[in-house]
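> Got a sequence here, can you build the structure:
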Amino acid sequence: CLVNNYLRFSPGWVRELMAVAAAHKPLGVLNPMSHPPARGESLRSCAQRLAPSRGQYVEAGMCVGFCMLIKREVVERVGLLSEEVERIFFEDEDFCMRALQADYRCGVAKASYVYHAGHQTVRAMPEREALFAKNQRWCHERWGRWVRMAWPRFELPAPGSEALRIWLETLLAWVRRRTL
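Okay, the predicted model is just below:
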């Protein structure tokens, strides 16, 4: 597991990440949930609220580097984080794109919770904007830009329908390819 230094962990967070990763062979990289808890909610109560989703995950186009569980087989197949990235920004995205290219999936475990305040390490860095721009250019040159899309229908396909299944498969295919 790769973790940033300013995180707060709920009880059982890594056990849940490991269980989800073990239960789903295609998952190669996994994040915990990290949304801010409700006002006044403790880490423990936030984790308890998510507990009914144990064993479940949501597939994602990439995982964010604040806290990533990476299976050993993925590292053995695609290598380590790229040293082409200067210090910070986009090393997680590049790694996830290589994992996707190797037929692994990225996801978020729905019952694992880690509080992530966001950008605490880089907030005081005067060169952060320049590093972000430089590494973003590098990443876009290597992988292309993310595709933003809108679904132009006013009615969603019915739950459980064949139309919904096809729509979701198409959406996931676009996310996995990143660009059209």
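> Just the C-alphas of the helix or strand of the chain with the lowest mean pLDDT, formatted as PDB.
Least confident helix or strand of the chain, by mean pLDDT, DSSP states H and E, is helix 162-177 with a mean of 75. What follows is helix 162-177, C-alpha atoms only, in PDB (Å, rounded to 0.1, in the frame of the first residue of the first chain):
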ATOM      1  CA  GLU A 162     -30.400  -4.700 -21.500                       C
ATOM      2  CA  ALA A 163     -30.200  -1.000 -22.600                       C
ATOM      3  CA  LEU A 164     -28.700  -0.100 -19.200                       C
ATOM      4  CA  ARG A 165     -26.200  -3.000 -19.400                       C
ATOM      5  CA  ILE A 166     -25.100  -1.800 -22.900                       C
ATOM      6  CA  TRP A 167     -24.900   1.800 -21.800                       C
ATOM      7  CA  LEU A 168     -22.700   0.900 -18.800                       C
ATOM      8  CA  GLU A 169     -20.400  -1.400 -20.800                       C
ATOM      9  CA  THR A 170     -19.900   1.400 -23.400                       C
ATOM     10  CA  LEU A 171     -19.200   3.900 -20.600                       C
ATOM     11  CA  LEU A 172     -16.600   1.600 -19.000                       C
ATOM     12  CA  ALA A 173     -15.000   0.900 -22.400                       C
ATOM     13  CA  TRP A 174     -14.600   4.600 -22.900                       C
ATOM     14  CA  VAL A 175     -13.100   5.100 -19.500                       C
ATOM     15  CA  ARG A 176     -10.700   2.200 -19.900                       C
ATOM     16  CA  ARG A 177      -9.500   3.600 -23.300                       C
END
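> other SSEs contacting that helix?
strand 57-60 (3 or more Cβ pairs under 8 Å, 6 or more residues apart in numbering; DSSP states H and E). Where C-beta positions appear, they are placed from N, C-alpha and C, glycine not excepted.
> partners of the strand it packs on in the sheet?
strand 105-116 (antiparallel) (DSSP bridges).
> now the one residue sitting closest to the centre of the chain: how far from Val29?
For the chain, Cys63 is the residue whose C-alpha lies nearest the centre (Cα atoms, centre = their mean; 2.0 Å). Counting by Cβ to Cβ, to the nearest Å, the gap from Cys63 to Val29 is 5 Å.
> what's the overlap in contacts for those two?
Residues touching both Cys63 and Val29 (Cβ atoms under 8 Å, 6 or more residues apart in numbering): 96, 106-107.
> What is the nearest of those residues to Phe132?
Distance to Phe132, by Cβ to Cβ, is smallest for Cys96 among the shared contacts of Cys63 and Val29, at 17.5 Å.
> surely that closest one meets Val29?
Yes - applying Cβ atoms under 8 Å, one finds Cys96 in contact with Val29, separated by 5.6 Å.
> tell me, what's touching those two both at once?
Common contacts of Cys96 and Val29, defined by Cβ under 8 Å, 6+ apart, comprise 62-63, 106.
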